[in-house]
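Colleague: Below are the sequence and a predicted model; questions follow.
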Amino acid sequence: MAFPLGNYHNATTNIRDPKSGISAEYIRVEDFLGGVELLTEAAKCVGKRNDSPARERVREVPDDVRKRMTRSA
């Protein structure tokens with residue numbers, strides 16, 4: 001998981017700005033908490049991953065598609 005950084009590469013304005021100061025990188029608390037929520041939901045769903053509607057749609061690969069994929073490997 002990646003979070004947007006404040007003070008990217010420790011630059012207080014823009015990394016190419018010669019007048020930029022130096023400061024610690026940081027992430028917003030809201031971004032971190034959103035990441036925790038996302039990971040929590042993903043962990044709850046991992047046991048059901050084979051029962052999803054998306055998985056059902058792609059479970060069977062049509063023969064013509066399978067042949068095309070095999071040839072391109």
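Modeller: Nice, I can see it.

Colleague: give me every residue that touches residue 12.
Modeller: For residue 12, the contact set (C-beta atoms under 8 Å, 6 or more residues apart in numbering) comprises 20, 21, 22, 23. Backbone N, C-alpha and C define where each C-beta goes, glycine included.

Colleague: which one of the residues you listed has the most neighbours?
Modeller: Among the contacts of residue 12, the one with the most neighbours (other C-beta atoms under 10 Å) is residue 20, at 15 neighbours.

Colleague: Kindly list the main-chain dihedrals of the residue lying farthest from the centre of the chain?
Modeller: Farthest-out residue of the chain from its mean C-alpha position, per C-alpha atoms, centre = their mean: residue 19, at 33.1 Å. The phi/psi pair for residue 19 (degrees, to the nearest 10) reads phi -90, psi 0.

Colleague: tell me which element the nearest residue to it once chain neighbours are set aside falls in.
Modeller: Leaving aside its sequence neighbours, residue 19 sits nearest to residue 13 (C-beta to C-beta, 6 or more residues apart in numbering; 7.3 Å). Assigned by DSSP states H and E, residue 13 belongs to no helix or strand.

Colleague: you'd agree residue 13 is up against residue 20?
Modeller: Yes - with contact defined as C-beta atoms under 8 Å, residue 13 reaches residue 20; the gap is 4.3 Å.

Colleague: now the helices: where do they sit in the protein?
Modeller: 29-45, 53-59, 63-72 (DSSP state H).

Colleague: Output the lowest mean pLDDT helix or strand found in the chain.
Modeller: Lowest by mean pLDDT, DSSP states H and E among the helices and strands of the chain is helix 53-59, with a mean of 77.

Colleague: Pull the residues that contact that one.
Modeller: residue 49.

Colleague: Give the closest residue to residue 21 in space, chain neighbours not counted.
Modeller: Closest residue to residue 21 apart from its sequence neighbours, by C-beta to C-beta, 6+ apart: residue 12 at 4.1 Å.
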